[in-house]
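Asker: predicted model follows, preceded by the sequence.
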Amino acid sequence: MRSPVGDYLQEVLDALADERSGAVADYIPDLANADPDVFGAAVTTVAGRTYAAGDDEVEFSIQSISKPFAYAAALLDRGKETVLAAVGVEPSGEAFNELSLETGSRRPKNPMINVGAIATHDLLVGPGASVADKVERAREFFSALAGRELGIDESVFASELATADRNLSIAHMLRNYGVLQDDPHEVVEGYTRQCSITVTVGDLAVMGATLANGGVQPRTGERLMPPEVARQTLTVMAAAGMYDGVGEWFATVGIPAKSGVAGGLLGALPGQCGIAVVSPRLDAHGNSVRGIKVFQRLSADMGMHLMDSVPYGSTVLRGVHTSGGETVFELQGVIQFSGGEAVLHGLESDTSGTAVVLDLSRVDRMNDVGRRMLLEGLRRMRLDGRAVALIDPDRVLPDPDLGDGTLPEIRG
């Protein structure tokens, strides 16, 4: 059968085909000439499956969507302490090109606005790195995230650099405050090249899915960043990725996101997927008008709002049945605190007196709290005089010591 996901995406794009509000970015000559009717979308799951519709193969410059990925690269290259000493994580509540600095420290407020992104680019590779080194670091890292070699649009670069007076003034101010270590003109040149890297919505969806997957590229299986770097990047995206429109965005959409003035819009939903849309007409905040509407539709239709929490406790316990002198508890999904609590409640309520078997065949994973809760439940059942066993073919419950050096019976 054919998956309906791609058809659904096309249906969403078709429903917005007549939306013509907004305007292309006209302060960069090359972007002013962009086709305003380009419209494409892609979704990549953390399992590595991509669904796309519309103009999904059209390449465009990544622009400010480069900011979260450059931030992740800087964290990898220089460490969290060094990066946080140079760039903060607070939302600015201001437009993307404002000079938002903290009082006293003079740090840029976050890496998602230009002032913070310029400072972040300066951190790439390490002290003394050349412009070419930093640009290549960004291009190679973005390529690994996307799973293919990405290039740079030299025409967009030249056009953008020729009109980069505001970014140059920002860079000189950062240099004045000691935030930038390198020559302001060189930093802005490198940052502008970083923004001129070309992508498709398919590329962005895979890049977003890598963040959503805790730093593991979902197609190659390669770990490109540790989970804490992916988490830090997603956190800053959630707080500041949509500039001065972030509050409304998170209330209506609820997905960590980043926009770019070429019309791209990226979202990464932790544990689920990366989403990307391209449509060059922008609103007053510099965000894609149709892109926002696509995300609003997906969030509403698919329950993608980050605050629409899955009630793990009510879904972990798949079923309970007793036969042959055993009571089998069939578990599924992800076991966290609430899921572990539901299992413990089930064990507490069971008065059959039979042997207890936890069937973990359908469990995807569990965190440390869930693990300890399950083992404690088995320990107490055995103290009550009942035999205990695990069906765990994938070993999702490692080292099932019941606290005294003994193990339950292991099956499968």
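Answerer: Looks like it arrived, so ask away. In this text the structure is predicted, and so the values were computed from the model without any measurement. Numbers count the residues shown, from 1 in each chain.

Asker: so, low pLDDT: which residues of the chain?
Answerer: Under the criterion pLDDT under 70, the flagged ranges of the chain are 1-2, 92-100, 102, 309-314.

Asker: per-domain residue ranges of it.
Answerer: Per the TED database, the structural domains of the chain span 4-302, 317-410.

Asker: distance between the ends of the first one?
Answerer: The one in question is domain 4-302. Start-to-end span of domain 4-302 (C-alpha to C-alpha, to the nearest Å) is 13 Å.

Asker: cool, and the shortest one?
Answerer: Domain 317-410 stretches 20 Å from its first residue to its last (C-alpha to C-alpha).

Asker: got the buried residues for the strand or helix carrying residue 122?
Answerer: Assigned by DSSP states H and E, residue 122 belongs to helix 114-123. Residues of helix 114-123 classed as buried by neighbour count (16 or more other C-beta atoms under 10 Å): 114, 115, 116, 117, 118, 119, 120, 121, 122, 123. (C-beta placed from N, C-alpha, C; glycine too.)

Asker: now do stretch 248-259
Answerer: For stretch 248-259, using 16+ other C-beta under 10 Å, the buried residues are 249, 250, 253, 254, 255, 256, 257, 258, 259.

Asker: do the same with stretch 216-233
Answerer: 216, 217, 218, 219, 224, 225, 229, 230, 232, 233.

Asker: now the first one. Nearest residue, chain neighbours left out?
Answerer: Closest residue in space to residue 216, ignoring its immediate chain neighbours: residue 223 at 5.1 Å, by C-beta to C-beta, 6 or more residues apart in numbering.

Asker: measure that neighbour to residue 144 for me?
Answerer: 11 Å (C-beta to C-beta, to the nearest Å).

Asker: equivalent analysis for residue 355, please.
Answerer: Residue 355 sits 50 Å away from residue 144, taking C-beta to C-beta as the criterion.

Asker: what about residue 60, how many residues close to it?
Answerer: Burial of residue 60 is recorded as 25 neighbouring residues (other C-beta atoms under 10 Å).

Asker: ok, longest strand in the chain?
Answerer: In the chain, with assignment by DSSP state E, the single longest strand is strand 355-366.

Asker: ok, it: who's next to it in the sheet?
Answerer: Paired strands of strand 355-366, with direction, are strand 326-335 (parallel), strand 388-391 (parallel) (DSSP bridges).

Asker: any chance of these in TSV, with mean neighbour count too?
Answerer: Output for the strands paired with strand 355-366, formatted as TSV (neighbours: other C-beta atoms under 10 Å):
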stretch	mean neighbour count
strand 326-335	20
strand 388-391	20
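
Asker: can you tell which of these is closest to residue 63?
Answerer: strand 326-335 (35.2 Å; C-beta to C-beta).

Asker: outside of that closest one, which residues touch it?
Answerer: Applying C-beta atoms under 8 Å, 6 or more residues apart in numbering, the external contacts of strand 326-335 come out as 312, 315-322, 339, 343, 346-347, 350, 352, 354-367, 370-371, 374, 389, 391.

Asker: for it, C-alpha coordinates in CSV please.
Answerer: Only the C-alpha atoms of strand 326-335 are listed here, as CSV (Å, rounded to 0.1, in the frame of the first residue of the first chain):
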residue,chain,number,x,y,z
GLU,A,326,1.2,-17.1,35.5
THR,A,327,0.0,-13.5,35.2
VAL,A,328,1.6,-11.8,32.2
PHE,A,329,1.8,-8.0,32.1
GLU,A,330,2.3,-6.9,28.5
LEU,A,331,4.1,-3.5,28.3
GLN,A,332,4.7,-1.3,25.3
GLY,A,333,6.2,2.0,24.1
VAL,A,334,8.4,4.2,26.3
ILE,A,335,8.6,3.6,30.0
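
Asker: ok, then the element right after it?
Answerer: Immediately after strand 326-335, counting by DSSP H and E, sits helix 337-349.

Asker: give the buried residues for that following helix.
Answerer: Buried residues in helix 337-349, counted by 16+ other C-beta under 10 Å: 338, 339, 340, 341, 342, 343, 346, 347.

Asker: tell me the angle of that helix relative to strand 355-366?
Answerer: Computed by axes from the mean of the first three to the mean of the last three C-alpha atoms, to 10 degrees, the angle separating helix 337-349 from strand 355-366 equals 180 degrees.

Asker: make 55 the starting number, not 1.
Answerer: All set: I'll call the first residue 55, so the last point we hit is now helix 391-403.

Asker: packing partners for helix 391-403?
Answerer: If you count contacts as 3 or more C-beta pairs under 8 Å, 6 or more residues apart in numbering; DSSP states H and E, helix 391-403 packs onto helix 366-370, strand 371-377, strand 380-389, strand 409-420, helix 422-437.

Asker: make TSV out of these and add distance to residue 85.
Answerer: Below are the helices and strands packed on helix 391-403 laid out as TSV (distance: least, C-beta to C-beta, whole Å):
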stretch	distance to residue 85
helix 366-370	44
strand 371-377	52
strand 380-389	42
strand 409-420	43
helix 422-437	48
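
Asker: partners of the residue nearest to residue 406 when sequence neighbours are not counted in the sheet?
Answerer: If the residues on either side of it in the chain are set aside, residue 406 comes closest to residue 381, at 5.2 Å by C-beta to C-beta, 6+ apart. Beta bridges link residue 381 to residue 376, residue 410, judged by DSSP bridges.

Asker: residue 134 reaches residue 287, doesn't it?
Answerer: No. Taking C-beta atoms under 8 Å as the definition, residue 134 is not a contact partner of residue 287, at 11.1 Å.

Asker: picking that back up, right, and the strands paired with strand 409-420 - which one's nearest residue 292?
Answerer: strand 380-389 (20.7 Å).

Asker: how about the strands in the stretch 205-354 of the chain?
Answerer: Counting by DSSP state E, counting those that start in this stretch, the stretch 205-354 of the chain has strands at residues 252-253, 311-313, 318-323, 327-332.

Asker: I'd like to know which elements the helix holding residue 176 is packed against.
Answerer: Counting contacts by 3+ C-beta pairs under 8 Å, 6+ apart, helix 168-177 packs against helix 120-132, helix 134-140, helix 185-200, helix 219-230, helix 238-249.
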